[in-house]
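[1] Need the 3D shape of this:
(chains A and B)
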Amino acid sequence: MSEPAAHSQVETSTPKELVREPLVLNNRPLGWITNQVAGIVEGDMPKWWNIAFGVSFLLMLMSFGYIGYLITTGVGVWGLNHPVAWGWAIVNFVFWIGIGHAGTLISAILFLLRQKWRTSVNRTAEAMTIFAVICAGIFPGIHVGRIWLAWWLFPLPNANAIWPQFRSPLLWDVFAVSTYFTVSLLFWYMGLIPDLATIRDRLRKNAGQCKTGLDKMINKLKQFLYGLFSMGWIGSNRHWRNYEKAYLLLAGLSTPLVLSVHSIVSFDFAVSQLPGWHTTIFPPYFVAGAVFSGFGMVLTLMIPMRTIFNLEEIITVRHLELMCKVIMATGTIVGYAYGMEFFIAWYGGNPYELYAFKNRAFGPYWWSYWIMISCNVISPQLFWFKWCRTSPWFIFVVSIFVNIGMWFERFVIVVTSLHRDYLPASWGYYSPTQVDILTFVGTFGLFMVLFLLFIRYLPSITIFEVKAVTPQADPHSVEGGADRVKGGDH
Amino acid sequence: MSKSFAIMAEYETPAEIMDAAKKVHAAGYEKWDVHSPFPIHGMDDAMGLDNAKVGYFTFFGGLIGFTTGMTMQYFMNKFDYAIVVGGKPLFSGFFAFPVSYELTILLGAFGSLIGMFVLNRLPRHHHPLLANERFADVTDDKFYVVIECDDDHYDEQTTRNLLEGTNAVHIEMVEGTE
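    Numbers count the residues shown, from 1 in each chain, chains lettered A, B, ... in the order given. Have a look, this model is predicted:
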């Protein structure tokens, strides 16, 4: 073929238009979205919900029982001993608080980046954040030993006329975590207001269908409660204007907040002088790890949820695929951080530092280190393959590995750095006791109890935001009625 | 004896209500509003609304938070009960920063939420529209233009004619609550 002919061919061929995959499949009308999501709250829960709730509730009681035992007996019931004075409690604290970070990333950072796919998953992820922070908050509280003095953590006047010491990163943590919890709750609640109004209005419309007097009373009570918390929302555009601005500002505030929270959690370690903890890479490394673990938990919760409640058209495979990509990216950052820690330990020329890292990988806790590496560094790399990140059951399995791996990461950081002190005479091997293990297992019960109640009573998908990203919501599209307007400028 | 609160027109698509909103705005009405299940992109311009003022609340919330954080730590660790830690200065902006930063965000967030409520005059549970049967679809899939009878330009016939000139599928009067 001659040159000019090839050239003209390029000129005339028009590139194939790339069609973006829709966020809600099958071009469903707006009312369908309302029915699908609000229907979960209005209908009866399936049998598995009762079973899951029962099991979680018992686990939660078990955890509370062990906490009661701890308080009445003392921290000696845990496996803590010299030199490992920070054990599972701190590991669990960092694990749970990290889980929460995916919720804020989805709700705030992806909002600022205008990632429209976040609308299907943000409500559930934010709920997960709040419940995870509740689970996290338990551990430092019960870790202080004399728990009845835990209020000394706060700057409140006490009988000794002494104030907290603000140079301590542990105190920064108190402020970071309590701010994180409060702001996440505000953000979540604000997002709920229009959807609570949807439920309120639907209850009002369905009031006529109530047959018995009891049904009528329940309907009235629900109308009252959903109405109360929806603050009299009437979908006014003058309200939406302030609402959207406030939402944007909250997203703008939550973004530096979420980055600061895990940075400050990492300061608990990094500000100390201990080899293995005293590293400048900790803040970004912890934040990436937190997002990684949080996305793992989001997928663990969301994959069963979308199947059970028939939400596959709203939480599509594309949503799962995008989350897998985040997992792969953050997993790779975490892997880089593991490598960089080793490099700096060698390059820094500090023999204690180098020893701490060699001991991590090949010392008595080698097994925990290699569990961490296989779960966090190797397993997310499977998502390079399209099949792996589009098969829900497979993603579910990997998400479990991510959860396990990230718990072990914190175990590795906390325990392996502490268990070999500078003097071999004070070396030790830390093992958890039954109380350590079952208290932690029980917090999953607490987490699930809260999560199941959330699915039962609140709209688990942000109805109004999902509507807003459909073509029917765009006044300039045919689906939005653009061709029905006579003489319109569209 | 209840007086009518407003005239309400119902629409089925965002494009149609956007068109109606432009016409109502052009006719010079002041006390009117558009109600929709979700925020419609471009509606603020169609209604001729300026930028929302929530940012001021956020800014002052954040400012109060930061000042509180810094003064609290100065007062507690230097003024009221000096604690020497590692021979370092009793107060410096560096160690005091993380706590002040968190308080900035905390009070900034409260400012945003409170600002949104204050500017929207919410909570308001006795709004006449909440008693209207048909209006309950506003949180589902219908769109409404509501023009209050208190508006200076309001006239029973001309306002109705204006709304009938749009793609409204239903027009009715909303009863007031008294």
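[2] Quick check: residue A:23 touching residue A:315?
    No: taking contacts as CB atoms under 8 Å, residue A:23 lies outside contact range of residue A:315: 9.8 Å. Where C-beta positions appear, they are placed from N, C-alpha and C, glycine not excepted.
[3] Quick one: residues in contact with stretch A:28-36.
    Identification of contacts with stretch A:28-36 by CB atoms under 8 Å, 6 or more residues apart in numbering or on different chains yields A:24, A:198, A:202, A:310-311, A:313-314, A:463, A:466-467, A:470, A:472-473, B:37, B:139-141.
[4] quick one: residue A:94 and residue A:267 touch, right?
    No: with contact defined as CB under 8 Å, residue A:94 does not reach residue A:267; the gap is 12.0 Å.
[5] So those two - more neighbours on which side?
    Neighbour comparison, residue A:94 and residue A:267: the larger count goes to residue A:94, with 28 against 21 (by other CB atoms under 10 Å in any protein chain shown).
[6] Against residue A:73, how distant is the more buried one?
    Counting by CB to CB, to the nearest Å, the separation of residue A:94 from residue A:73 is 25 Å.
[7] With residue A:185 instead?
    33 Å.
[8] Likewise for residue A:466?
    50 Å.
[9] So which residues of chain B form strands?
    Here chain B has its strands, by DSSP state E, at B:4-11, B:32-35, B:143-148, B:170-175.
[10] What of the stretch 51-200 of chain A?
    Under the criterion DSSP state E, counting those that start in this stretch, the stretch 51-200 of chain A contains no strands.
[11] How about the contacts made by the nearest residue to residue A:116 once chain neighbours are set aside?
    Nearest in space to residue A:116, with sequence neighbours left out and distances taken as CB to CB, 6 or more residues apart in numbering or on different chains, is residue A:469 at 4.5 Å. Residues near residue A:469 by CB under 8 Å, 6+ apart: A:23-24, A:116, A:119.
[12] could those go into a markdown table alongside neighbour count and pLDDT?
    Converted to a markdown table, the contacts of residue A:469 look like this (neighbours: other CB atoms under 10 Å in any protein chain shown; pLDDT from 0 to 100):
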| residue | neighbour count | pLDDT |
| --- | --- | --- |
| A:23 | 20 | 77 |
| A:24 | 23 | 78 |
| A:116 | 14 | 84 |
| A:119 | 25 | 86 |
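[13] Go through these and name the one nearest chain B.
    Proximity to chain B was ranked across the contacts of residue A:469 by CB to the nearest CB; first place goes to residue A:119, at 10.1 Å.
[14] wait, what's in contact with the closest residue to the closest one other than its chain neighbours?
    Sequence neighbours aside, residue A:465 is the residue nearest to residue A:119 in space, at 3.9 Å (criterion: CB to CB, 6+ apart). Applying CB under 8 Å, 6+ apart, we find residue A:465 in contact with A:119, A:122, A:191, B:38.
[15] So how do I select the buried members of those in PyMOL?
    To isolate the buried members of the contacts of residue A:465 in PyMOL, using 16 or more other CB atoms under 10 Å in any protein chain shown:
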select buried, (chain A and resi 119+122+191) or (chain B and resi 38)
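[16] Now do the contacts for residue 46.
    Going with chain A. residue A:308.
[17] try again with chain B
    Neighbours of residue B:46 in contact, by CB under 8 Å, 6+ apart: B:18, B:21-22, B:25.
[18] just for the chain, where's the confidence low?
    Just so you know, I chose chain A. A:1-15, A:486-490 (pLDDT under 70).
[19] um, chain B though
    Ranges of chain B meeting pLDDT under 70: B:1-2, B:178.
[20] so which residue of it comes closest to chain A?
    residue B:13 (2.5 Å).
[21] thought that residue was touching residue A:484?
    Yes: in this structure residue B:13 lies within contact range of residue A:484 using CB under 8 Å: 6.3 Å.
[22] Tell me which of those two has more neighbours.
    Neighbour count, other CB under 10 Å: between residue B:13 and residue A:484, residue B:13 has more, with 26 against 15.
[23] Leaving out the residues flanking it, which one is nearest to that one?
    The nearest residue in space to residue B:13 (CB to CB, 6+ apart) is residue A:481, at 2.5 Å.
[24] contacting residues around that neighbour?
    Applying CB under 8 Å, 6+ apart to residue A:481 gives the contacts A:475, B:12-16, B:167.
[25] Between these, identify the one with the most neighbours.
    Ranking the contacts of residue A:481 using other CB under 10 Å puts residue B:14 first, with 29 neighbours.
[26] Buried residues of the strand or helix carrying residue A:371, list them for me.
    Element membership of residue A:371, judged by DSSP states H and E, is helix A:366-373. Neighbour-count burial for helix A:366-373, counted by 16+ other CB under 10 Å, picks out A:368-369, A:371-373.
[27] Check stretch B:95-105 too.
    Neighbour-count burial for stretch B:95-105, counted by 16+ other CB under 10 Å, picks out B:95-96, B:98-105.
[28] how about the CA coordinates for that stretch, as CSV?
    C-alpha atoms of stretch B:95-105 as CSV (Å, rounded to 0.1, in the frame of the first residue of the first chain):
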residue,chain,number,x,y,z
PHE,B,95,3.8,19.9,69.6
ALA,B,96,0.6,21.8,70.0
PHE,B,97,-0.2,21.6,66.3
PRO,B,98,-1.8,18.1,66.0
VAL,B,99,-4.4,18.7,68.7
SER,B,100,-5.2,22.2,67.3
TYR,B,101,-5.5,20.7,63.8
GLU,B,102,-8.0,18.1,64.9
LEU,B,103,-10.1,20.7,66.8
THR,B,104,-10.0,23.0,63.7
ILE,B,105,-11.6,20.2,61.7
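[29] Now the residue positioned nearest the centre of chain B: closest residue in space, sequence neighbours ignored.
    When CA atoms, centre = their mean is applied to chain B, the residue found nearest the centroid is residue B:120 (4.0 Å). Closest residue in space to residue B:120, ignoring its immediate chain neighbours: residue A:239 at 4.6 Å, by CB to CB, 6+ apart.
[30] before we move on, the earlier item: of residue A:185 and residue A:73, which one has the most company?
    Counting neighbours by other CB under 10 Å for residue A:185 and for residue A:73 shows that residue A:185 has the greater number, 15 against 10.
[31] That one contacts residue A:130, correct?
    Yes: between residue A:185 and residue A:130 there is a contact at 5.8 Å, judged by CB under 8 Å.
[32] what residues are up against residue 45?
    Chain wasn't specified; assuming chain A. residue A:456.
[33] Farthest from the middle of chain B: give me that residue.
    residue B:87 (51.1 Å).
[34] Quickly note the distance from the nearest residue to residue A:56 once chain neighbours are set aside to residue A:100.
    Counting by CB to CB, 6+ apart, residue A:56 lies nearest to residue A:448, which is 3.7 Å off, once chain neighbours are set aside. Separation of residue A:448 from residue A:100 (CB to CB): 15 Å.
[35] Just want to know which of the two has more residues nearby.
    Neighbours per residue, other CB under 10 Å: of residue A:448 and residue A:100, the larger number sits with residue A:100, 31 against 19.
[36] Quick one: residues contacting the more buried one.
    Residue A:100 neighbours (CB under 8 Å, 6+ apart): A:128-130, A:132-133, A:136, A:180, A:184, A:290, A:294.
[37] between the residues you listed, which is nearest residue A:431?
    Taking CB to CB as the measure, residue A:431 sits nearest to residue A:136 out of the contacts of residue A:100, at 23.1 Å.
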